[in-house]
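[1] This is a predicted model, with the sequence first.
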Amino acid sequence: MTGVALHAPATVPAAFRAAARLIAANGHHQGDYLPDPLDREMDTPHRLRPLSIVAALRCAVTGDPHTTSLLADEALSVLALRLTVNGETGPYYGDIFSLEAHVSAWGDATGRTAESACAVLAAAADASEVSA
């Protein structure tokens, strides 16, 4: 499925909550966006596979973990600035690739679970609603 997701979120907090639901339902994937991202071995729809946090945010907003959008990028930016990786809160640079890499590095940490990914997304949603 490509294009806008069914019932696509319209706000950053809603994007965080939708991404958390995807991870809770399908699992958290480490090391790439999702298993078999180029569909060489699997025919399961992307939205039904375990997802990284980055992929879950993109999939929640657009219906496809590879498709970018302004809302997904904004959510990645907000989340990246909340996460500490290797002692650094937020990425060194503010471009979308650095923000995405920072979120990915947090999610790829050894022992990172679906529960912890969902918890950080829920906390980010709550904080975003308070600051909005």
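    Yes, it's here. Residues are numbered from 1 along each chain as shown.

[2] what residue ranges in this protein score low on pLDDT?
    Along the chain, the parts satisfying pLDDT under 70 run over 1-6, 131-132.

[3] so residue 56 sits in a helix?
    Yes - counting by DSSP: H, G, I helix; E, B strand; the rest coil, residue 56 is part of a helix.

[4] any chance you could read off phi and psi for the residue lying closest to it once chain neighbours are set aside?
    Leaving aside its sequence neighbours, residue 56 sits nearest to residue 19 (CB to CB, 6 or more residues apart in numbering; 3.8 Å). Glycine gets a C-beta too; all of them are placed from N, C-alpha and C. Dihedral pair for residue 19: phi -60, psi -40, per degrees, to the nearest 10.

[5] same check, this time on residue 94
    phi -100, psi 10.

[6] how many other residues sit next to it?
    Residue 94 is flanked by 11 other residues according to other CB atoms under 10 Å.

[7] just residue 93 next, same as before
    Residue 93 has 11 neighbouring residues, counting by other CB under 10 Å.
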